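Chemist: Structure of the sequence below:
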Amino acid sequence: MGSLKKYIVLRILTAIPMFFILITVIFFFLRILPGDPISAMYGGKLPAEYEAYLRHKLGLDLPYHIQYINYLRSLFMGDLGTSIYTKRPISREIMENLPATLELTIYGLAIALFVGITLGSSAAHRRGSKIDRLIRVYSVLTYALFIPWFGTLLQFIFGVYLHILPIGNRLDPTVDAPIRITGLYTIDALLTGNFLAFFSALRHLILPSLVLGIVLSGIFVRMTRENMIVILRKDFISFAKARGISNDKIIWKHALKNTLIPIITIFGLQFALLLAGAILTETTFSWPGLGSYLKLRIEYRDYPAIQGVIVVYAILVIIVSLIVDMIYAMIDPRIRY
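Modeler: Next up, the predicted model:
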């Protein structure tokens, strides 16, 4: 286990400078862009003296390096700051919106993995057939889909034309939100026995999670197919066939286990893309998560709020990547050396 601990420590030490590079780039990038929070919120309609007073009050008239030092000092103390727009603590606003993003991400990822592994395995099993070609076309098309366009299309079909699914928000207007425990409506509704809220939340999750899951499933389809083709050529598969084991059992019990190792790695690499996709999906479906929150704060040039969301996203990506690396290192000892 010594090599595993050494590997984990090395990954953590590698993640720290990447984290600070990211927040530094975001900090200075926001400030060199045209406009600032005062002009974005008030449209240049304030008297010059009052506008200067507000900039001084918010510290926006300080040199960039002084603002940066002040920001790092607050960040080290665990303070993400106060929103310029709402005057509320950013950490509180993020915690109010984060559960919605996590719930959408979990359901979207579940769909992406299920579709990707199922279709990828089927394509590998029927390599060279029409089904294989159709699945490969699917993987290319879904990867190229533009989320707002695809989401709007499903909204029109299932919401406007067929009237069978809601096209936005997390609950029906007539349904009260379940008692908050985790912030994930489907989980909280089950824990409190509020089945009306559960089914309402589940219906609202169908379209956005389908969009997110289908768009991200293409990479898992290709990865599963390519790796399973390699696994199916291994000697232990030939021995299994010689013993008379059925093809379905070979595919789903023996080959799939070995195929999942590289898929775990891909999941870690795709988590950042998953969050980016969640932002676009939330905007399309008026989903009240961090993505919608970030979009609104960008419009108002709310520097502290934007920086706070980026910090949370970065921490989530680092944690998930670290967990995936640990699992991969435990599965494959070669990674530790």
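Chemist: For the one helix or strand F20 maps to, buried residues please.
Modeler: Here F20, judged by DSSP states H and E, is contained in helix 2-32. Using 16 or more other C-beta atoms under 10 Å as the test for burial, helix 2-32 gives 7, 15, 22-23, 26-27, 30. C-betas here are computed from N, CA, C, even on glycine.
Chemist: want to try a markdown table for the residues you listed, with distance to I131 and pLDDT as columns?
Modeler: A markdown table is the format used below for the buried residues of helix 2-32 (distance: C-beta to C-beta, whole Å; pLDDT from 0 to 100):
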| residue | distance to I131 | pLDDT |
| --- | --- | --- |
| Y7 | 40 | 71 |
| A15 | 41 | 82 |
| L22 | 42 | 88 |
| I23 | 47 | 90 |
| I26 | 45 | 90 |
| F27 | 50 | 91 |
| L30 | 49 | 87 |
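Chemist: so which of these comes closest to W287?
Modeler: Closest approach between the buried residues of helix 2-32 and W287, by C-beta to C-beta: I26, at 23.1 Å.
Chemist: hang on, that closest one packs against I310?
Modeler: Yes. In this structure, I26 is within contact of I310 by C-beta atoms under 8 Å, at 5.0 Å.
Chemist: From H56, how far out is P47?
Modeler: Using C-beta to C-beta, to the nearest Å, P47 is found at 14 Å from H56.
Chemist: Between the two, which is the more surrounded one?
Modeler: H56 (11 against 8; other C-beta atoms under 10 Å).
Chemist: so how many other residues sit close to H65?
Modeler: By the measure other C-beta under 10 Å, the count of residues near H65 is 9.
Chemist: picking that back up, mind putting the buried residues of helix 2-32 in JSON lines, distance to N194 included?
Modeler: Putting those into JSON lines (distance: C-beta to C-beta, whole Å) gives the following:
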{"residue": "Y7", "distance to N194": "44"}
{"residue": "A15", "distance to N194": "39"}
{"residue": "L22", "distance to N194": "39"}
{"residue": "I23", "distance to N194": "39"}
{"residue": "I26", "distance to N194": "39"}
{"residue": "F27", "distance to N194": "42"}
{"residue": "L30", "distance to N194": "41"}
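Chemist: Following element in sequence after the helix holding F20, please.
Modeler: Heading C-terminal from helix 2-32 (DSSP H and E), you reach helix 37-42.
Chemist: Packing partners of that next one?
Modeler: helix 48-58 (3 or more C-beta pairs under 8 Å, 6 or more residues apart in numbering; DSSP states H and E).
Chemist: Can you give the contact residues for the helix it packs on?
Modeler: The contact list for helix 48-58, computed with C-beta atoms under 8 Å, 6 or more residues apart in numbering, reads 36-39, 42, 46, 61, 84.
Chemist: Grab the nearest non-local neighbour of G35.
Modeler: Spatial nearest neighbour of G35, excluding adjacent residues (C-beta to C-beta, 6 or more residues apart in numbering): R301 at 5.7 Å.
Chemist: Unless I misread the structure, the one you found falls within a strand.
Modeler: No. When classified by DSSP: H, G, I helix; E, B strand; the rest coil, R301 is found to be coil rather than part of a strand.
Chemist: So, low pLDDT: which residues of this protein?
Modeler: 1-4, 44, 247-248, 251-256, 265, 268-269, 272-273, 328-337 (pLDDT under 70).
Chemist: tell me the centre residue of it?
Modeler: L275 (2.2 Å; C-alpha atoms, centre = their mean).
Chemist: Quick one: end-to-end length of stretch 161-180, please.
Modeler: 34 Å (C-alpha to C-alpha, to the nearest Å).
Chemist: correct me, but T82 touches R88?
Modeler: Yes. Between T82 and R88 there is a contact at 6.8 Å, judged by C-beta under 8 Å.
Chemist: For these two, indicate the residue with more neighbours.
Modeler: Remark: of T82 and R88, T82 carries more neighbours, 20 against 12, as counted by other C-beta under 10 Å.
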